[in-house]
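S.K.: Predicted model, plus sequence, below.
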Amino acid sequence: MRRSLPGLLLAACLLAGCGTGQTAAPSGTPSGTRSPSAPATSPTKTSPAPTSAAPPAPSAPSTTTAPATPSHEPAPGTTPPAWLGKRVLPRTADGFGEVRPTPAVMRVRRWNTPDTVAPLPGTGFTARVVSPAPADVIARSTWRPGCPVGKQDLAWVRMAYRGFDGARHSGEMLVNASVADDVVGVFRRLYRARFPIESMGITTKADQDAPPTGDGNVTGAFACRPVRGSTTFSQHAYGLAIDLDPFQNPYHRGDLVLPELASSYLDRGWVRPGMITPDGPAVRAFAAIGWGWGGTWSSLKDFQHFSQNGR
């Protein structure tokens, strides 16, 4: 019995853990000598233990980390400025507005203003011709007794066109009934060529009498008025001329530029959307019906202007 006592003591000591010098910790539990800030790369750490420090509290919400609404800032020139059509220019001695530098927002002008008529049915290019034009359409135009064309000789044309946004839009114009079908053919070609148009509408008496703002850009045809700087009726007064995107294609004679804020577009080497070029789709489409372009004139340039007789 005396000899077995040391063995018994040794067994008891082993059961009590006194033979190893330390207590085995559960896997992943930090040892008693590790502070809570010990590196997470310690080889003894395999998973968070119930006794480990709590994870850091979520940071306070901030505008820089919160999910943000995707920003879609409009590209320069795609949104009309709030002052469009509202800032009146001083008149010069010849009755036009004072020519001023083109505002930066208009140097690459490619927006759309609201359509002037209800959307035409269907998809793609569509046109509706009413000849003679209805009385209410004539009434809101510039036609008056003494105009060189009878109101019964004007046709009301509604057409689809491509906007600067690439979408399908609808507009209207008054043209001489004798060329209505040809005009429809021209704008069909422009639609297929994706030539952009900002707006298409009928010139009203109020438009003619409005003070100059120098920023208009309506594609149109009939306007009972004389040639600029003359007493002779313009081809527009016969419904035999069309102005296409006037701002991108201004009239230029000496110091006069119309629209008055469109001087940037006298630089025809810097080709921007809506500009008519000598070999472009607009010149080709009008040439196909025998119409001439004012961009080829020598004494002045009327880049927006197409007419049946070339004048």
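M.R.: On my side now, so go ahead. Since this is a predicted model, take the numbers as computed values, not measurements. Residues are numbered from 1 along each chain as shown.

S.K.: start to end distance for stretch 105-112?
M.R.: The straight-line separation of the ends of stretch 105-112 (CA to CA, to the nearest Å) is 14 Å.

S.K.: Contacts made by it with the rest, please.
M.R.: 76-81, 163-165, 167, 169, 196, 198-199, 215, 217, 247-248, 261-262, 264, 272-274 (CB atoms under 8 Å, 6 or more residues apart in numbering). Where you see a C-beta, it was placed from the backbone N, CA and C, and this is true even at glycine.

S.K.: how far is it from where the chain is centred?
M.R.: 8 Å (CA atoms, centre = their mean, to the nearest Å).

S.K.: Pull up the gap between the most centrally placed residue in the chain and residue 112, please.
M.R.: What sits nearest the mean C-alpha location of the chain, by CA atoms, centre = their mean, is residue 78, with 3.3 Å. As judged by CB to CB, to the nearest Å, residue 78 and residue 112 stand 9 Å apart.

S.K.: same check, this time on residue 118
M.R.: In terms of CB to CB, residue 118 sits 16 Å off from residue 112.

S.K.: shaky segments in the stretch 151-300 of the chain?
M.R.: Within the stretch 151-300 of the chain, the set of residues satisfying pLDDT under 70 is empty.

S.K.: one step back: need the overlap of contacts for residue 78 and residue 112.
M.R.: Common neighbours of residue 78 and residue 112 (CB under 8 Å, 6+ apart) are 164, 165.

S.K.: Apart from its chain neighbours, what residue comes closest to residue 302?
M.R.: Counting by CB to CB, 6 or more residues apart in numbering, residue 302 lies nearest to residue 294, which is 3.0 Å off, once chain neighbours are set aside.

S.K.: rewinding a little: without its sequence neighbours, what residue ends up closest to the residue nearest to the centre of the chain?
M.R.: residue 111 is the one closest to residue 78 (CB to CB, 6+ apart), at 5.2 Å.

S.K.: Can you get me a residue count around that neighbour?
M.R.: Residue 111 has 20 neighbours, counted by other CB atoms under 10 Å.

S.K.: all helices of the protein, in order?
M.R.: 5-16, 135-139, 180-192, 205-209, 281-287 (DSSP state H).

S.K.: Quick check: mean pLDDT of the second one?
M.R.: Read that as helix 135-139. Averaging pLDDT along helix 135-139 yields 99.

S.K.: Output the contacting helices and strands for it.
M.R.: strand 168-176 (3 or more CB pairs under 8 Å, 6 or more residues apart in numbering; DSSP states H and E).

S.K.: Perfect, that will be all.
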